[in-house]
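Engineer: give me a model of this one.
(chains A and B)
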Amino acid sequence: MEKTRKPWLFADRHNRSLLYRRKSEVLLVYAFVIVMIIVAALSSDLFLVTRNLRNLLNSNVGLLIVTFGQLFVITLGGIDLSVGAVISVVNVTTVTLITDDPATWALAGVAGVVCGAVIGLINGLLVVKGNMQAIIATLATQTVFFGVALFIMDTPSGSLPSELSKFITKGWNYTVPVLIAIVITIVVWFLMNRTRFGRSVFAVGGNEQAAESSGISVVKTKMLAFMTSGILAAIAALYITAYATSGNPLIGESYVQRSITTVVVGGASLAGGKSSVMGCIAAVLILGIINNLLNLLGISSYYQYVLQGVILIGALAISASRSRK
Amino acid sequence: MEPVLIIKNLDKSFVGVHAVDHVSFECFPGTVHVLQGENGAGKSTLLKMLSGMYHPDSGEIILKGESMRFRHPKDARKQGIAMVYQELSVLPELTVAQNIFLNQEKKVGSGFFLLENRMVEEAKKLAGKYGIEIDPYARTGDLPIAQQQMVEVLKALSVDPEILILDEPTSTLTVTEVNKLYSIVQEIVSMGKTVLFISHRMEEVFKFGDRATVLKDGKLVGTIKLSDVTESEIIQMMVGRELKDVFPPKLKDKTTEVVLKVEDFGDGRAFMDINFELRKGEILGIGALDGQGQTPMLRAIAGIQHHTTGAVYLNGEKLNYQKARKALRLGIGYVPEDRKLQALCLEMSVGENLSMTSMRRRQTFGFIQKKKEKKQAQDMVKQLNVATPSLLQSVFKLSGGNQQKVAIGKSLEDMPKVLLLNEPTRGIDVQAKQEIYKLMRKLANNGVAILCYTSDMMETIGLCDRVITLFEGRITGELSGAEITEEIIMRGAMNVKGTSRKEDC
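Structural biologist: Numbers count the residues shown, from 1 in each chain, chains lettered A, B, ... in the order given. From the prediction side, this is the model:
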């Protein structure tokens, strides 16, 4: 029996090369991450310093989690513009609920996640039952819930107990934020690649008709994808709140555009049916390194907006030139 | 009389298909000229060359003594050949007048402002000239289909063409509407214009037409005066092709076990009063020309589309399904006619596509059992002989034939008792076709009941154990054994009664 088995390196060679070809876009994004790191290290002596790298990581965990939520909806062929509003609502809600009593911490966390799920549910209902396009439906809910956030708290105020926010964003010598990122990545990767739900998301995004006639419930899949996006945006909001340590009704604004950028840079097609969890991580790193570097070099944050917009246009152009639809 | 239009050695090939093979004929002014032929005989390609949609590979179109080269349908219209397409192309939100003068609007001076009133006047004048009653102010989408078609006809007539091409104009019309169209066509012809006409309804061919040109496999069979021939003679001209593909042997013993029974099935529009039985291990064919309700019928049996009357029984049990999901679960697999649009997720891998229908059976608490999935997909790839380097290959990189195999394999994963195939060999090469034939027979021999529609009549003949013929949504006949000949199928598919002259003697 041992004799017939080929050396592992050659066993499935064709399979392997194909695997690489399928993932080539993701590898390309990682190559870009490495280039960025080299560029950053060469441009600033402060970049490869432990304190800076810690900062780089723990300031981007929030974006990573929102990105994962956006990933589900974009893979489905939709887009979720309401993630920013979810973050704002959850932020002001939790800050309002939390006191020094640890019992309120859990309560606020649960309340936040429920908020996200409910907004996701509303998005899903509008898209599925209301037959609206995702971009319009979530544009509407975004406006509504930014309004709600401002209603709950009209100016930045409130604060979190410092031991709570310190634990979440810096705990155990900065391992807590990394652990959060790793756990959520694993969960999301499994959801996307190893469950019926994830497969259905790809199938509906790839070809809705084919999915429906294959016995996949398109309605259920869409509802669940929007709810997942809402829930992940809410979890991101909890982290972002801990990082900011205070309430701000406009805190979520920038995350809409940034989460779409990272999903697309990570190799997803806006037409749906194609995306990568690992690509998302690389894309978040790219955006994070760029911002970090611009900060280190003391360049105005206005340029960050310009640059991020340019990156999004570039990624969209690449994605459009590749799509055959 | 001088011919107004001479078609000389017109030739057009697509990849692998000689669609129109050196066809020549003449049309005379003041006549209705009918084009006849089976599915894929080359009628549409020929008309599209005349209207400037396609460019001929060789040959000449001579209009009023002048050789024409059309680069665009606009050129053809300008020269006097206007076509009314089979699919309505009116814009529902515009008024009738706006539709008629679309892209040739009456304008002020250099043309920034439009003259709506002038257009309404012109539309009225035009309609009056041909005796068509229509309200130029009406929103086109509000009109019944027949009236919308009149808008199309008027749009074509607005350029005052010499030749008016009507591609199956009667397929959506009722009898009174057809009569109305007839009188309008007579009006057009009496002005010395020529009408080129395609219809699958034999009685209309004789009612409308003066002369007919029959095509077969892209070749010219002949041009005849319709007053000289009978319906049967035309059908005989249309048929008579050779069985050029090798088909696997048919069922020897007739099976009797009914798997699927369809009773008084109808959706009130595309198909009605459908009654037939599908037996275990047989391939039942649908003999029909394109668009006779076969696709909606198959989709309704598969639960993708709703039906309004009747019922379907699977193994004697009445099916109560609303969704494709339910039908699949009950054991009815459907392979749609357009694999790219309806069956496959092209960006996803072969393995993922194959396992899509049977996901729910290989899961624990929503988690996919990767190993089991891989093994099943591998088995399927081997069974169907799909040429793919790996299960991870994206489907869009496969050839059409292999894509089709994946599409079929997808519905086999759930082990159906009944398999509905719609155009299983469309757009794939001959070798792949033969493999599909073999596969279908193998499945049948394993006890799957197959109901199949293919637009290639020879496949229906070579492949099917029994055939039901369909005409305008109704079953017109059921054939088995030696009765399955091209001529008898065509009689059913065109709803021609009576015997042929050959049998008379």
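Engineer: which pLDDT value does the model give whatever residue of the stretch 151-300 of chain A ends up closest to chain B?
Structural biologist: Nearest residue of the stretch 151-300 of chain A to chain B (C-beta to the nearest C-beta) works out as residue A:206 at 3.1 Å. In short, each C-beta sits where N, CA and C put it, glycine included. pLDDT, residue A:206: 89.
Engineer: now residue A:10
Structural biologist: At residue A:10, pLDDT is 39.
Engineer: cool, and residue A:69?
Structural biologist: Looking at residue A:69, its pLDDT reads 97.
Engineer: residues touching residue A:148, list them.
Structural biologist: Residues near residue A:148 by C-beta atoms under 8 Å, 6 or more residues apart in numbering or on different chains: A:85, A:89.
Engineer: my read is it is in a helix, agree?
Structural biologist: Yes - when DSSP: H, G, I helix; E, B strand; the rest coil is applied, residue A:148 is found to be in a helix.
Engineer: ok, back up a step: the residue of the stretch 151-300 of chain A closest to chain B reaches residue B:345, doesn't it?
Structural biologist: Yes - contact criterion C-beta atoms under 8 Å: residue A:206 and residue B:345 qualify, at 3.1 Å.
Engineer: what are the phi and psi values for residue 59?
Structural biologist: I went with chain A, as the question did not name one. Note on residue A:59: its backbone torsions stand at phi -90, psi -10 [degrees, to the nearest 10].
Engineer: wrong one, I was asking about chain B
Structural biologist: Torsion angles, degrees, to the nearest 10, at residue B:59: phi 100, psi 180.
Engineer: touching both of residue A:206 and residue B:345, which residues are there?
Structural biologist: The contact sets of residue A:206 and residue B:345 overlap at residue A:273 (C-beta under 8 Å, 6+ apart).
Engineer: who in the stretch 201-325 of chain A is up against chain B?
Structural biologist: For the stretch 201-325 of chain A, the residues in contact with chain B (C-beta under 8 Å from any C-beta of the partner chain) are A:202-203, A:206-207, A:209-217, A:269, A:273-274, A:324.
Engineer: what is the burial count for the residue of the stretch 151-300 of chain A closest to chain B?
Structural biologist: 26 (other C-beta atoms under 10 Å in any protein chain shown).
Engineer: could I get the host helix or strand of residue A:321 in CSV with only the CA atoms?
Structural biologist: Element membership for residue A:321, per DSSP states H and E: helix A:301-322. What follows is helix A:301-322, C-alpha atoms only, in CSV (Å, rounded to 0.1, in the frame of the first residue of the first chain):
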residue,chain,number,x,y,z
SER,A,301,-5.8,63.3,7.0
TYR,A,302,-7.5,65.0,4.0
TYR,A,303,-5.1,63.2,1.8
GLN,A,304,-6.2,59.9,3.3
TYR,A,305,-9.6,60.5,2.0
VAL,A,306,-8.3,61.3,-1.5
LEU,A,307,-6.0,58.3,-1.4
GLN,A,308,-8.7,55.9,-0.2
GLY,A,309,-11.0,57.0,-2.9
VAL,A,310,-8.3,56.5,-5.5
ILE,A,311,-7.6,53.0,-4.2
LEU,A,312,-11.4,52.2,-4.4
ILE,A,313,-11.6,53.4,-8.0
GLY,A,314,-8.5,51.4,-8.9
ALA,A,315,-9.8,48.2,-7.3
LEU,A,316,-13.2,48.7,-9.0
ALA,A,317,-11.5,49.2,-12.3
ILE,A,318,-9.5,46.0,-11.9
SER,A,319,-12.6,44.1,-10.8
ALA,A,320,-14.7,45.5,-13.7
SER,A,321,-12.0,44.6,-16.3
ARG,A,322,-12.0,41.0,-15.0
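Engineer: low-confidence ranges in the chain?
Structural biologist: Using chain A here. A:1-23, A:322-325 (pLDDT under 70).
Engineer: other chain: chain B
Structural biologist: For chain B, the stretches with pLDDT under 70 are B:15-16, B:106-113, B:240-245, B:324, B:498-505.
Engineer: so what's the residue nearest to the spatial centre of it up against?
Structural biologist: In chain B, the residue lying closest to the centroid (C-alpha atoms, centre = their mean) is residue B:290, at 2.9 Å. Residue B:290 sits next to B:39, B:455 when contact means C-beta under 8 Å, 6+ apart.
Engineer: okay, helices next: where are they in the stretch 51-200 of chain A?
Structural biologist: Using DSSP state H, counting those that start in this stretch, the helices of the stretch 51-200 of chain A run over A:61-75, A:83-97, A:102-128, A:134-152, A:162-194, A:196-206.
Engineer: ranges for the helices of the stretch 351-500 of chain B?
Structural biologist: Ranges of helices in the stretch 351-500 of chain B, per DSSP H, counting those that start in this stretch, are B:370-384, B:400-412, B:430-445, B:457-463, B:486-493.
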